[in-house]
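>>> need a 3D model of the following:
(2 chains)
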Amino acid sequence: MSVKKFVTGNFYDEAVLFPAVKKTRRAGYKIHDVYTPFPIHGLDKAMGLRDTSLHTAGFIYGITGTATAVGFITWALTIDWRLNFGGKPFFALPAWIPITFELTVLFAAVGMVLTFCYLCQLAPFVKKDHFNPRSTDDTFVMALECTDKTNEAEAISFLQTIGATDVQVQYKETEWWLGRYDKDTKRFEKKETAEAAH
Amino acid sequence: MSLLRYESQVRPPLVDGDKDYHQVTEDICRPVEAKPSRLWWIGFLISVALLIFGIISVTVEVIYGTGQWNLNKTVGWGWDITNFVWWVGIGHAGTLISAILLLFRQGWRTGVNRAAEAMTIFAVMCAGQFPIWHMGRVWNAFFVLPYPNTRGPLWVNFNSPLLWDVFAISTYFTVSLLFWYSGLIPDLATLRDRAKKKWAKMFYGVASFGWTGSTKHWQRHEALSLVLAGLSTPLVLSVHTIVSFDFATSVVPGWHTTIFPPYFVAGAIFSGFAMVQTLLVVTRKVLALEDYITIEHIEVMNKVIVLTGSIVGIAYLTELFMAWYSAVPYENYAFFENRLNLNSPYGWSYWLMMGCNVLSPQIFWFRNMRRNLLVTFFMSILVNIGMWFERFVIIVTSVYRDYLPSAWSTYYTPTIWEVGFYLGTFGLFFTCYFLFSKFFPVIAIAEIKHILKRSGENYKEKMDGIEKQDTDGFAHDQAHDH
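Below you'll find the predicted structure:
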């Protein structure tokens, strides 16, 4: 629930963006985020983001699926209701491998996608403020967060020197809210009040 | 180490034409944003008509029971399960392209994976119809799920391949859908941000889940895609393996063979790629996407077809050998009398299968045939006919003459409602595909942009200078990690 002030600049080439990210960090500016139309390998490293632990989550979900399948089938076929299938053992583990495997995959996939959506705040009817609609087309948008100490004019000229175009100051809501993209709803109605608060 | 990343200069570009990122967006979004053409409406309405015919056929079957189908005493599966296995097989190419080829770092997959995945999902939807409606009392379909019930609770038989099928198909459908949709989210956001009409802003706004393109989100997205690909790879192999278990674990001559799992998986990839070819040869032309789904893509897929077709051919021959080598009279009869003998009642279907699946794809050993669109389209239809007959041969020729001649059935032919049901799934499949090609980007926009710099034509040209470099200078230039 916070509207913050940002200085944003557009880039059109990865070859310009990468050194720009490095220079920005070296100069001590706080990069709020870089918005890109497609994944750029190594940009997360250049920005100093830590690795995601989504893999680990997926592994845990998968193990849960395995345990669920083996545990449930064992209970159902050896304890709850024993059925003699052609004189074979009640604990027929090899015959359970297919279902165990399928449930492992199912749990891992569903769990990971839900976790991904949760972490990235993705859901139907979720609305967020965007810095530039072209950032899903061909533009890499870098947003620097302005704190009390940031000299706005300096930040603007800095972005221009490292190759950004169309540098501007923007006030944006950083949280998501429920809304539709065809309606101009804002989480907080007036930008002026936010500006005054700063 | 970094030299390993270097891509051979000999390799032709994956995206034709001198394009930048914006041009890619424009090209792929154009068919979505434009009004549907007359051709689209004609195709769509034919599909809907077929779908309605299918619904009528199924309704008749539900009201009067499975007796409306011409199934008889020994042929209990007939067209219905033939169609089920056929559709499931077709539903294998999408995940193969998107998952296995992602793990193998095959750049060409980006041009075709989105449409192929969509096709997979629709094909699995069609496949699922057959076992469900075959139950007859379809309102009891939920009995296949292990839920606490008032009959004991009496659990389902977890040792049965038919139950494995329930889990395999439903898991496969769910995971494919998640994989496909998570890849679609960024592209739907692209459409949302370009949208001018109110409904489009709303639709793509809701469907894109509020995607922003943040670097952190992309990092997670990449991790998710990779793990889902890793999960889908064994999954796609398991699905048709389990379908083949439906047959292989029985004691019916002609079904009881250990070669079934790999043979079914190869056949599934074979027929799936054929269906991808059928759709993409038309789609690229109608939507003017020849620069993205290039002749190179078509050729690569034809290579897969000739490879998997030949694997299937070897499997057929192995089956014949094993039947002879087993010296079991019933096995011998099933293979050499019921199938191989052209004069037996269903001998024609075996030779039709052989001709379509084994002989005809051999034409793709010739490069100019692989690159010929007309031949490709014709062959893709032939392969799908052949693969349908493969399942028909396996099911019907194995069971229509049982152990006891007194139990032999009369010649099995389907009724209009059985055929109508099959046509109805074509209606479902193509209705979904037409809607998909109208409202969703048929090519993964973000993924194309991702490979554009490495494989776009203009960048290839820039690389020409490198060709003339001496080896040491080249190694020096390439030896730093990007």
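>>> can you give me the helices for the stretch 1-150 of chain B?
Remark: helices of the stretch 1-150 of chain B, listed N- to C-terminal, are B:21-33, B:38-64, B:78-90, B:93-95, B:101-103, B:109-134; assignment by DSSP state H, counting those that start in this stretch.
>>> as TSV, those with mean pLDDT would be great.
Putting the helices of the stretch 1-150 of chain B into TSV (pLDDT from 0 to 100) gives the following:
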stretch	mean pLDDT
helix B:21-33	88
helix B:38-64	94
helix B:78-90	93
helix B:93-95	84
helix B:101-103	83
helix B:109-134	92
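>>> out of those, which is the most enclosed?
helix B:93-95 (a mean of 30; mean count of other CB atoms under 10 Å in any protein chain shown). All C-beta spots, glycine's among them, are computed from the backbone N, C-alpha and C.
>>> quick one: contacts of that one?
Counting by CB atoms under 8 Å, 6 or more residues apart in numbering or on different chains, the neighbours of helix B:93-95 from elsewhere in the structure are B:113, B:116-121, B:123, B:172, B:176, B:179-180, B:232, B:235-236, B:268-269, B:271-273, B:275-276.
>>> go back to the residues you listed and keep what's next to chain A.
Filtering those for proximity to chain A (criterion: CB under 8 Å from any CB of the partner chain) leaves B:Phe179, B:Ser232, B:Leu235.
>>> around the last one, how many other residues sit close by?
If you count neighbours by other CB atoms under 10 Å in any protein chain shown, B:Leu235 ends up with 24.
>>> now it, nearest residue through space, not along the chain?
Excluding the flanking residues, the one nearest B:Leu235 by CB to CB, 6 or more residues apart in numbering or on different chains is A:Val105, at 5.1 Å.
>>> show me which positions of the helix or strand that neighbour falls within end up buried.
Assigned by DSSP states H and E, A:Val105 belongs to helix A:93-119. Using 16 or more other CB atoms under 10 Å in any protein chain shown as the burial criterion, the residues of helix A:93-119 that qualify are A:95-96, A:98-113, A:115-117, A:119.
>>> what about B:Ala99, distance to A:Ala108?
For B:Ala99, the distance to A:Ala108 (CB to CB, to the nearest Å) stands at 14 Å.
>>> err, B:Gly17, not the other one
Using CB to CB, one obtains 40 Å as the distance from B:Gly17 to A:Ala108.
>>> where does the chain have low pLDDT?
Looking at chain A here, since you left the chain open. A:1, A:187-198 (pLDDT under 70).
>>> wait, chain B
Scanning chain B for pLDDT under 70 picks out B:1-12, B:454-482.
>>> in it, what residue comes closest to chain A?
For chain B and chain A, the shortest gap (CB to the nearest CB) falls at B:Gly205, measuring 2.7 Å.
>>> strands along chain A, start to end?
In chain A, the strands defined using DSSP state E lie at A:3-11, A:31-35, A:126-127, A:140-145, A:165-173, A:177-178.
>>> highest average neighbour count across the ones you listed?
Per-residue neighbour counts averaged over each of the strands of chain A give the maximum for strand A:140-145, namely a mean of 25 (mean count of other CB under 10 Å).
>>> from what I can see B:Val419 touches B:Trp79, true?
Yes. Under the contact definition of CB atoms under 8 Å, B:Val419 touches B:Trp79, with a separation of 7.3 Å.
>>> in space, what's closest to the spatially most central residue of chain A - neighbours in sequence excluded?
By CA atoms, centre = their mean, chain A has its centre lying nearest to A:Cys120, at 3.3 Å. By the measure of CB to CB, 6+ apart, the closest residue to A:Cys120 outside its immediate chain neighbours is B:His217, 4.5 Å from it.
>>> what strand or helix carries the one you found?
Secondary structure here is read from DSSP H and E; on that basis B:His217 sits in helix B:215-248.
>>> tilt between that helix and helix B:109-134?
With axes from the mean of the first three to the mean of the last three CA atoms, to 10 degrees defining the directions, helix B:215-248 sits at 40 degrees from helix B:109-134.
>>> for helix B:215-248, buried residues please.
Buried, per 16+ other CB under 10 Å, within helix B:215-248: B:215-233, B:235-248.
>>> tilt between that helix and helix B:78-90?
For helix B:215-248 and helix B:78-90, the angle between their directions (the same axes, to 10 degrees) works out to 150 degrees.
>>> run the chain-centre distance for helix B:215-248.
14 Å (CA atoms, centre = their mean, to the nearest Å).
>>> got the angle between it and strand A:140-145?
Orientation note: helix B:215-248 sits at an angle of 130 degrees relative to strand A:140-145 (the same axes, to 10 degrees).
>>> count of residues packed around whichever residue of chain A sits closest to chain B?
The shortest separation between chain A and chain B is 2.7 Å, found at A:Tyr181 (distances taken as CB to the nearest CB). Counted with other CB under 10 Å, the burial measure for A:Tyr181 works out to 24 neighbours.
>>> so the residue nearest to A:Cys120 touches B:Trp211, yeah?
Yes. Contact between B:His217 and B:Trp211 holds when scored by CB under 8 Å: they sit 7.2 Å apart.
>>> quick one: contacts for the nearest residue to B:Trp255 once chain neighbours are set aside?
Taking CB to CB, 6+ apart, and ignoring the residues beside it in sequence, B:Trp255 has B:Phe247 as its nearest neighbour in space, at 3.9 Å. Residues in contact with B:Phe247, defined by CB under 8 Å, 6+ apart, are B:Trp255, B:His256, B:Phe260, B:Ile394.
>>> export those residues to TSV and tack on neighbour count and secondary structure?
As requested, the contacts of B:Phe247 are arranged in TSV below (neighbours: other CB atoms under 10 Å in any protein chain shown; DSSP: H, G, I helix; E, B strand; the rest coil):
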residue	neighbour count	secondary structure
B:Trp255	18	coil
B:His256	18	coil
B:Phe260	23	helix
B:Ile394	27	helix
